[in-house]
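Novice: Can you look at this prediction? I've put the sequence above it.
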Amino acid sequence: MGSKYKLIPWIHETLRSFHFDSAFDAFSGSGVVSFLLKSMNKKVYSNDFLNFSSVISKAVIENKSDHLDKNDLSNLLDMNVNSDNFIQKTFGQVFYSKNDLIFLDKVSHNILNLTSPYKQALAYTALFRSCLKKQPRGVFTISGNLDKYNDGRRDLRLSIRQHFLEQVTIYNDTVFDNGKENASFNLNVFDFSQKMFKPDLVYMDPPYVPPSDDNCYIKRYHFLEGLSKYWQGEEIMEHTKVKKIKKKFTPFSYRKTAIEAFEQMFDKFSESTLVLSYSSNAYPDLETLISIMKNHKSNVDVRTKPHQYHFGNHSTVSRSKVNEYLIIGLD
């Protein structure tokens, strides 16, 4: 949800027209824009307030050389370790088969025995992707008897272990050194100060306020957020069928707080080039966002691209067809 993967060529075409050496990806999510910026040989500061997203950026953005080798993989796949069985106890009859749940408990234990934090992040990232591919529709809002979602596709036939082996190879291949000291953060965007860094460009892709439903990432990806820390420090909502964890507040998700949040964010990074990614199917509207950005930038430009979302069943409804905007603030 919210990934800009299919829009990367358009974003690249836009960003390469500006001169900048460093960039802050304030809401990194899946990490695809941070990876684009790293591939453009920029110094990248990648941040997300969700822990699992920051782990992804640690693995593929901050990490410049560590890979999971055969010895690492052998240790990760050791199923004879005396591990906790929290995932089996908590998510039996909720997600995955018993063997998959056992595998997740064992691998989670083994990841912490890797000596390199970058190897740990790589292993977690491969595990996140494996869980997503195995889960019908790629979200953790459905549980129980999942036969109705099983259309025979390969992703649903493979075990999480088989997915994991494939994903380790894939994510090993994403690791490269662009010659910069890139960094990954797990903070609220408003907690940054110029003492930490002063990026030339700030790319902002905050949660959108949709006209209906909601945009809660925790609702859809709570399992990955919990897995990223083995649910340490997280409160599970036991009354929920899918064992959600408590929602993390962001002012960008609510009409009553979104406008003030944009005002504060643009002001906070007003000394940098601002690039806001937003959608026509969200609040506030384009005119309002332009007006807010003009309070902090003398020159505001808008790039527009028609786009259709294909997340879950959203492609079947009219609101999936939108205009994506890049709202750019320059001095």
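Specialist: Perfect, thanks for sending it.

Novice: Quick check on Lys42: phi, psi?
Specialist: Taking degrees, to the nearest 10, you get phi -90, psi 150 for the backbone angles of Lys42.

Novice: Tell me who's in contact with it.
Specialist: By C-beta atoms under 8 Å, 6 or more residues apart in numbering, the contact set of Lys42 is Phe20, Asp21, Ser22, Ala23, Asn178, Lys180, Leu201. Where C-beta positions appear, they are placed from N, C-alpha and C, glycine not excepted.

Novice: Phe20 too?
Specialist: For Phe20, the contact set (C-beta under 8 Å, 6+ apart) comprises Lys42, Pro199, Asp200, Leu201, Thr273.

Novice: so the nearest residue to the last one once chain neighbours are set aside bridges to which residues?
Specialist: On the basis of C-beta to C-beta, 6 or more residues apart in numbering, the spatially nearest residue to Thr273 that is not a chain neighbour turns out to be Leu201, at 4.4 Å. In this structure, Leu201 has beta-bridge partners Ala23, Thr273, where bridges are defined by DSSP bridges.

Novice: give me phi/psi at Lys43?
Specialist: Main-chain dihedrals, Lys43, degrees, to the nearest 10: phi -80, psi 120.

Novice: likewise Phe20?
Specialist: Dihedral angles (degrees, to the nearest 10) for Phe20: phi -160, psi 150.

Novice: For it, give its distance to Val275.
Specialist: 10 Å (C-beta to C-beta, to the nearest Å).

Novice: between those two, what contacts are shared?
Specialist: By C-beta under 8 Å, 6+ apart, the residues touching both Phe20 and Val275 are Leu201.

Novice: returning to that earlier point: name the member of the contacts of Phe20 that has the highest neighbour count.
Specialist: Pro199 (24 neighbours; other C-beta atoms under 10 Å).

Novice: Let me see the contact set for the closest residue to it other than its chain neighbours.
Specialist: Spatial nearest neighbour of Pro199, chain neighbours left out: Phe24 (4.0 Å); criterion: C-beta to C-beta, 6+ apart. Residues in contact with Phe24, defined by C-beta under 8 Å, 6+ apart, are Tyr45, Asn47, Phe192, Phe197, Pro199, Leu201, Val202, Tyr203, Phe269, Ser272.

Novice: any idea which of these is least confident?
Specialist: In terms of pLDDT, the lowest of these is Phe197, showing 89.

Novice: which of the contacts of Phe20 lies closest to Phe249?
Specialist: Among the contacts of Phe20, Pro199 lies closest to Phe249 (C-beta to C-beta), at 25.1 Å.

Novice: for that closest one, what are its contacts?
Specialist: Counting by C-beta under 8 Å, 6+ apart, Pro199 makes contact with Phe20, Ser22, Ala23, Phe24, Lys43, Tyr45, Phe269, Ser272.

Novice: Need the three-state assignment for it.
Specialist: coil (DSSP: H, G, I helix; E, B strand; the rest coil).

Novice: when you give positions from now on, start the count at 8
Specialist: Happy to do that; since the first residue is 8 now, the last one works out to Pro206.

Novice: Name whatever forms a beta bridge with Leu333.
Specialist: Residues in beta-bridge contact with Leu333 (DSSP bridges): Ser284, Arg310.

Novice: Check what contacts the strand or helix carrying Ser60 and list those residues.
Specialist: Per DSSP states H and E: Ser60 is located in helix 58-64. With C-beta under 8 Å, 6+ apart as the test, helix 58-64 has contacts from 32, 35-38, 41, 53-55, 128, 131-132, 135, 191-193, 228, 231-232, 234-236.

Novice: Might you specify the subset of those located within strands?
Specialist: Of the contacts of helix 58-64, the ones assigned to strands by DSSP state E are Asp32, Ser53, Asn54, Ser191, Phe192.

Novice: so the third one touches Ser191, yeah?
Specialist: The one in question is Asn54. Yes - counting by C-beta atoms under 8 Å, Ser191 is a contact partner of Asn54 at 7.4 Å.

Novice: overlap in contacts of these two?
Specialist: Ser35, Ser61, Ser64.

Novice: Quickly name whichever of those residues is closest to Leu333.
Specialist: Of the shared contacts of Asn54 and Ser191, the one sitting nearest to Leu333 (C-beta to C-beta) turns out to be Ser35, at 16.6 Å.

Novice: I appreciate the help and will end here.
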